[in-house]
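Visitor: just to be clear, the model below is a prediction. Sequence and coordinates:
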Amino acid sequence: MVQRCRVLWIALLFSVLLSGVFPFAANATLSVVGATVDIEVSPGATYKHTMLVNLGENDSATDMQVRVEGLGQQLDGVTKSLPPHLDTSPYSARSFISLDRSSFRVEPGSARQVNALINVPAGVGSGGRYAIIRIYTVPTGGGMLTVSQGIAVPVKLTIKDSGLTHTGEISNLTVGSVEKGRPVSVSVVFKNTGNHHFKIKGEARITDAQGLTRATADIPLTAANVIPTMSRQLQASLTPAGELLPGAYTVHAKVVMENGTAVAETAKSFTVYPRVTFSDTKGHWAQGDIEIMAGLGYVKGMGNNKFEPNARLTRAQFAAFLIRCLDIPETKPAVKNFKDVYTGAWYYGAVETAFANGLVHGYGDGRFKPNAYITREELAAMVVRGLEKGGKQVVVPDVDGLLAQFIDEGRIGAWARQAAAAAVQEELLRGLPGNKFAPKDNATRAEAVVMLKRMKRLG
């Protein structure tokens, strides 16, 4: 157990080192007095900030390093350091700060002083300026695995008597799946477009087609300020008053400052689709897509309330799925086009209709092979034709370059390469584990349904 914990701790530190994210107390015995700088400054003035780096009495002597980098933030609000080539914000204070040392050694039970001089340029401008002082142990280990512990000292400067603008925008608003008896999750990504940092909170609301409010939720105040040019993701969980029946709805999101001043708001429409459940899809990775596509009548089960999501799909079955998704009425010509598609077969009208609309092709010997299992490259080709039949013109500038991401792209048939690339570009088809396209593998019923739902651009 001890060894496992040690491995996990090293892995965590390795992850921290790679990401550039440094916690404020990476080690309980390593601490910094003066671990934040949040002051008003005047243009042309110089300020001194002192930090005391303390080490516990029971620790070993530790070599430390210190440097100034850009102050960034992750979407969850966690502070991260930005190296010079990534610190491109006009609100950076990195160049203002100089340190009286870049490395030092701390003895057990003692403290070392680090001074930062902040020289504010005379023409600094308005708003806030930001940086981070990283104090960290000299990395140990070798090769790709190096271990370092650190403390981040954020620097937030407010230019005195300057115009502070607190503005922002909601750059993304998403609504999670709507399931009976469960709250609806809403995600709001807010970007600070002003010149100064501030905390935010918000509210989310769902209305129906008649404008009636069906659910509301408050988003609590963030613990950390959002600094200029950075974004913060807010989450809300809304519990509707009664079930959201199939139909059109709108989610409204508003972001406000700590004092209640609104800084951004937007709305987004979404649709709740009818669903058909099956006894064998619960917990399946494609459950939601299968239920929605079946609820809309685009796909059907296999009888006995089963969908058989992992079963292989025949070419005839997919032809039927495809014309239903495109709302093309099934017709049965008097003269058949394929010698192995018989007029009395259940799929006769589906195959002939799909062929007449350019969605499927046969083989050179006059056969369609309706009961043959469809391959992933065939599936890609048919879905792309369906996308184009629906009015979307797909142009792939670099087919070979796009397919090069798959280790088995050489197995994709020459006839299918254009369609395969188009399916990937339009996010209709994704690779399998190991960066494989698996063009000759048989597609499952679940894979086909998911691709068709993407083709329909259903949320």
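Guide: Cool, the structure landed.

Visitor: which secondary structure state does Ala217 sit in?
Guide: Following DSSP: H, G, I helix; E, B strand; the rest coil, Ala217 is assigned to strand.

Visitor: can you name the residues bridging to it?
Guide: Counting by DSSP bridges, Ala217 forms beta bridges with Ala204.

Visitor: is it correct that Gln235 falls within a helix?
Guide: No - in this structure, Gln235 is strand, not part of a helix, as judged by three-state DSSP.

Visitor: find me whatever residue is spatially closest to it, sequence neighbours aside.
Guide: Counting by CB to CB, 6 or more residues apart in numbering, Gln235 lies nearest to Ser187, which is 5.8 Å off, once chain neighbours are set aside. Every residue, glycine included, has its C-beta placed from N, CA and C.

Visitor: and Asp157, that's in a helix?
Guide: One thing to correct before we go on: residue 157 is Leu, not Asp. No - counting by three-state DSSP, Leu157 falls outside a helix, being strand.

Visitor: give the contact list for it.
Guide: For Leu157, the contact set (CB atoms under 8 Å, 6 or more residues apart in numbering) comprises 37, 39-41, 93, 96, 118, 120, 128-130.

Visitor: measure it to Ala93 for me?
Guide: Distance of Leu157 to Ala93, computed by CB to CB, to the nearest Å: 5 Å.

Visitor: can you check which residues contact both of the two?
Guide: Jointly contacting Leu157 and Ala93 under the rule CB under 8 Å, 6+ apart are 118, 129-130.

Visitor: sorry, back to before: which residues are in contact with the residue nearest to Gln235?
Guide: Residues in contact with Ser187 (CB under 8 Å, 6+ apart) are 172-174, 176, 233-236.

Visitor: apply 10 Å and report the result again.
Guide: 75, 172-176, 204, 233-236, 253 (CB atoms under 10 Å, 6 or more residues apart in numbering).

Visitor: domain parsing for this structure?
Guide: Each domain of the chain is listed here as a residue range: 20-159, 168-272, 287-456, per automatic domain parsing.

Visitor: so for Asp280, which of those domains sits nearest?
Guide: domain 287-456 (4.8 Å; CB to CB).

Visitor: how far is that closest one from where the chain is centred?
Guide: Per CA atoms, centre = their mean, to the nearest Å, the displacement of domain 287-456 from the mean C-alpha position of its chain is 27 Å.

Visitor: what about it, start to end distance?
Guide: 17 Å (CA to CA, to the nearest Å).

Visitor: any stretches of the stretch 51-200 of the chain with poor pLDDT?
Guide: Scanning the stretch 51-200 of the chain with the threshold set as pLDDT under 70 gives 139-148.

Visitor: tell me which stretches of it form helices.
Guide: Under the criterion DSSP state H, counting those that start in this stretch, the stretch 51-200 of the chain carries no helices.

Visitor: next, the buried residues of stretch 48-68.
Guide: In terms of neighbour count (16 or more other CB atoms under 10 Å), stretch 48-68 has its buried residues at 49, 51, 53, 55, 62, 64-68.

Visitor: I should have written stretch 254-261 there, sorry.
Guide: Going by 16+ other CB under 10 Å, stretch 254-261 has these buried residues: 254-256.

Visitor: how close does the residue nearest to Gln235 get to Lys254?
Guide: Distance from Ser187 to Lys254, by CB to CB: 14 Å.

Visitor: so Thr281, which of the three states?
Guide: Secondary structure assignment for Thr281 (three-state DSSP): coil.

Visitor: about what we covered before: most neighbours of all the contacts of Leu157, which one?
Guide: Among these, Arg129 has the most neighbours (other CB atoms under 10 Å), with 29 neighbours.

Visitor: isn't that one right up against Pro154?
Guide: No - counting by CB atoms under 10 Å, Pro154 is not a contact partner of Arg129; they are 11.9 Å apart.

Visitor: hey, what's in contact with both of the two?
Guide: Joint contacts of Arg129 and Pro154 (CB under 10 Å, 6+ apart) are 71, 227.

Visitor: could you give the number of residues near the nearest residue to Glu69 once chain neighbours are set aside?
Guide: In space, and not counting its chain neighbours, Glu69 is closest to Ser81: 4.2 Å by CB to CB, 6+ apart. Neighbourhood size, Ser81 [other CB under 10 Å]: 24.

Visitor: gap between Ser81 and Pro154?
Guide: The gap separating Ser81 from Pro154 is 10 Å, by CB to CB.

Visitor: name the residues contacting each of these two.
Guide: 71, 131-133.

Visitor: which of the residues you listed sits closest to Leu359?
Guide: Among these, Leu71 lies closest to Leu359 (CB to CB), at 54.3 Å.

Visitor: give the burial count for that closest one, as a bare number.
Guide: 28.

Visitor: next: Leu86.
Guide: Using other CB under 10 Å, Leu86 is surrounded by 13 other residues.

Visitor: that one - nearest residue in space that isn't next to it in sequence?
Guide: Gly70 (6.6 Å).

Visitor: okay, the contacts of Leu157 in TSV with distance to Thr229 next?
Guide: Converted to TSV, the contacts of Leu157 look like this (distance: CB to CB, whole Å):
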residue	distance to Thr229
Val37	19
Ile39	21
Glu40	21
Val41	20
Ala93	13
Phe96	17
Ile118	21
Val120	20
Gly128	11
Arg129	12
Tyr130	9
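
Visitor: what about stretch 207-216, distance to the chain center?
Guide: 27 Å.

Visitor: quick revisit: the residue nearest to Glu69 pairs with what?
Guide: Beta bridges link Ser81 to Leu71, judged by DSSP bridges.
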